[in-house]
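Here's my sequence, what's the structure:
(chains A and B)
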Amino acid sequence: MEQLWAAPAALTVREVHERLAGTRELAYTTVMTVLDRLAKKKLTERERDGKAWRYRAAAPREELAADLMRDALDRAGDRREALVRFVGQVSDEEAALLREALSKLDDQEQTG
Amino acid sequence: MTTPVLLAVLALVLTGPAPALLARSDWPYRVPRAAVILWQAIALAAVLAALGAGIALSYSIAGRPGEPRFDPSSARDLVAAAILAMVALVVVRLLWAIGRVAVGTRARRKRHRDLVDVLATPDGLIPGLRVLAEETPLAYCLPALRGARVVVSVGALERLDDSELKAVLAHEQAHLRARHDLVLEEFTALHHAFPRWVRSDVALEQARTLVELLADDDARRRNGPRPLARALVALAGSPAPEAALAAAKSSTVLRVQRLAGPAPNESTLSAVTYAAAAVLLILPTITIAAPIVKAIVDAVS
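Predicted coordinates:
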């Protein structure tokens, strides 16, 4: 995926494989499978070029990251059940209550 | 004629005053596990009672014992059939909502997981952990039958020390293990199944808070209350992106205050809560079944 983002134009499986060969030992078929899977997930787009497929990232990395964050922070509103976040943000007033509760806990730790 | 009235009253009490009262009390937070069961029992009993009221009403209108055949020329029979059809409609609507929420949630989660898998880096600390290169402090989990993920942002890692991070991960893993998402899904489906003017989000909000408490209790048993409370404060107290501030009133204060108190050990209260849940489920069932049983007994003797 990094290679596709870095490349200016669409790449064939062979080109991706060559670019990866410098850093990692990967079989040609592995690269092919991964690219195929990414296309099925609509993270890449592909077009026929003679016998081979040419792959291109469906969107720039920043755009996908923004998508992810929008989904994670749930700007959509009412679909919170898909992700369960550890904790949401609180108001100033609540933050004060939080600090109070925490110091109470710290006191217990020292006395107990 | 008493059965449908009784059931209708029960359904109304269970959709209106009972949830409102329960949401205002503090004691359910002391026994989150039993409280989740009680909320589920209330929801299920309300549905059963409402459907039972419709069925019983239909029978009591049409019901002339010994004349079970449907007579299209009789107005009473037509009304009875119309009521039965409405009951069926409600059932279909409920099932449709459950299906739609299940499919929608899974599709969204899968897309999100695909994005996480190309954008975030795996970390071997716990299975399924992914670290996201984002400054916004974030920690959440993506539940799944296979290939569940726990996602933590770099911003969150910077704000947590080792023990706090462990507490956060224990909390998220508790969510994943117990499949708390399924509990929330039920309440979401129920919420969407009913028209806007009868539904309230009390049950869904309460369920959200209670599963957080459950995961907190799990993390507390593993690492003690302090790292978790500190982690909550560290992540919640950070400057919020403007959009996240719009979120509903948080349960964070409740959670931290609860961690500051003694560890919950309320076996009596939880037993009573479980018993209440059982009674709630049995009540509408008996009310529906009793006249049928009586009719059978009468027919036999």
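
Tell me the bridge partners for the closest residue to residue A:11 other than its chain neighbours.
Spatial nearest neighbour of residue A:11, excluding adjacent residues (CB to CB, 6 or more residues apart in numbering or on different chains): residue A:55 at 5.8 Å. Using the backbone N, CA and C atoms, a C-beta is placed for each residue, glycine as well. Beta-bridge pairing of residue A:55 under DSSP bridges involves residue A:11, residue A:46.

Residue A:55 is in contact with residue A:15, isn't it?
No. Counting by CB atoms under 8 Å, residue A:55 sits too far from residue A:15 to count as a contact (9.1 Å).

and the residue nearest to residue A:11, how many neighbours?
By other CB atoms under 10 Å in any protein chain shown, 26 other residues sit near residue A:55.

Return the residues in contact with it.
A:4, A:10, A:11, A:12, A:13, A:16, A:35, A:38, A:39, A:44, A:45, A:46 (CB atoms under 8 Å, 6 or more residues apart in numbering or on different chains).

and these, which are buried?
A:4, A:10, A:11, A:12, A:13, A:16, A:35, A:38, A:39, A:44, A:46 (16 or more other CB atoms under 10 Å in any protein chain shown).

Is it possible to get TSV of those residues that adds pLDDT and distance to residue B:18?
Formatted as TSV, the buried ones among the contacts of residue A:55 follow (pLDDT from 0 to 100; distance: CB to CB, whole Å):
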residue	pLDDT	distance to residue B:18
A:4	65	56
A:10	70	60
A:11	75	61
A:12	75	64
A:13	76	61
A:16	77	60
A:35	80	56
A:38	82	50
A:39	80	52
A:44	78	52
A:46	78	56
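
Identify the farthest-apart pair in those residues.
Of all pairs drawn from those, the greatest distance, 14.2 Å, lies between A:12 and A:38 (CB to CB).

Is residue B:146 part of a helix or strand, or is it coil?
coil (DSSP: H, G, I helix; E, B strand; the rest coil).

From chain A, how far off is it?
16 Å (CB to the nearest CB, to the nearest Å).

again with residue B:278
Residue B:278 is 27 Å from chain A, by CB to the nearest CB.

Quick check: buried residues in the helix or strand harbouring that residue?
Secondary-structure assignment from DSSP states H and E places residue B:278 in helix B:267-300. Residues of helix B:267-300 classed as buried by neighbour count (16+ other CB under 10 Å): B:269, B:270, B:273, B:274, B:277, B:280, B:283, B:284, B:287, B:288.

ok, which pair from those residues is furthest apart?
B:269 and B:288 (30.2 Å).

So what touches the lengthiest helix in chain A?
In terms of residue count, the longest helix belonging to chain A (DSSP state H) is helix A:92-111. Helix A:92-111 is contacted by residues A:90, B:225-226, B:229-230, B:232-233, B:236-237, B:250, B:252-253, B:256-257, B:259-260 when judged by CB under 8 Å, 6+ apart.

Tell me the one of the residues you listed nearest residue B:136?
Of these, the one sitting nearest to residue B:136 (CB to CB) turns out to be residue B:236, at 12.7 Å.

any idea how far chain A is from residue B:30?
16 Å.

Run through the residues that contact that residue.
Residue B:30 touches B:264, B:266, B:269, counting by CB under 8 Å, 6+ apart.

Quickly name whichever of the residues you listed is closest to chain A.
residue B:264 (15.1 Å; CB to the nearest CB).

Could you report the pLDDT at the nearest residue to the closest one once chain neighbours are set aside?
Spatial nearest neighbour of residue B:264, excluding adjacent residues (CB to CB, 6+ apart): residue B:30 at 5.3 Å. Reported pLDDT at residue B:30 in the predicted model: 89.

The one 5 residues further on now?
Confidence at residue B:35, expressed as pLDDT, is 94.

quick one, phi psi at it?
phi -70, psi -40 (degrees, to the nearest 10).

Could you verify my assumption that it touches residue B:274?
No. Contact criterion CB under 8 Å: residue B:35 and residue B:274 do not qualify, at 10.0 Å.

residues contacting residue B:175?
So residue B:175 contacts A:84, B:141, B:143, B:181, B:211, B:215 (CB under 8 Å, 6+ apart).

now with 10 Å?
A:84, A:86, B:140-143, B:148, B:150, B:181, B:184, B:211-212, B:214-215, B:218 (CB atoms under 10 Å, 6 or more residues apart in numbering or on different chains).

Please apply the same query to residue B:285.
Residue B:285 makes contacts with B:45, B:48, B:49, B:52, as judged by CB under 10 Å, 6+ apart.

cool, residue B:145 as well?
Applying CB under 10 Å, 6+ apart, the residues contacting residue B:145 are residue B:179.

Over to it: give its phi and psi.
phi -60, psi -50.

distance of it from chain A?
With CB to the nearest CB as the criterion, residue B:145 and chain A are 15 Å apart.

Then residue B:210?
12 Å.

Could you measure from that residue over to residue B:37?
With distances taken as CB to CB, to the nearest Å, residue B:210 is found 10 Å from residue B:37.

hey, what's in contact with both of the two?
With CB under 10 Å, 6+ apart as the test, residue B:210 and residue B:37 both reach B:31, B:183.

quick one, which of those two is more surrounded?
Using other CB under 10 Å, the more surrounded residue of residue B:210 and residue B:37 is residue B:210, with 25 against 19.

For that one, list the residues it contacts.
Going by CB under 10 Å, 6+ apart, the list of residues near residue B:210 reads B:28-29, B:31-39, B:180, B:183-184, B:251.

just residue B:270 next, same as before
B:30, B:31, B:32, B:33, B:34, B:35, B:37, B:38, B:264.

Which residue is the nearest non-sequential neighbour of residue B:152?
Nearest to residue B:152 is residue B:139, by CB to CB, 6+ apart, at 4.9 Å.

quick one: the one you found and residue B:215 touch, right?
No. With contacts counted by CB atoms under 10 Å, residue B:139 stays clear of residue B:215, the gap being 11.7 Å.

Looking at the stretch 51-200 of chain B, which residue is nearest chain A?
For the stretch 51-200 of chain B, CB to the nearest CB, closest residue to chain A: residue B:139, 3.8 Å.

one step back: can you list the buried ones among the contacts of residue A:55 in a markdown table and add distance to residue B:23?
A markdown table is the format used below for those (distance: CB to CB, whole Å):
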| residue | distance to residue B:23 |
| --- | --- |
| A:4 | 50 |
| A:10 | 55 |
| A:11 | 56 |
| A:12 | 59 |
| A:13 | 57 |
| A:16 | 55 |
| A:35 | 51 |
| A:38 | 45 |
| A:39 | 48 |
| A:44 | 47 |
| A:46 | 52 |
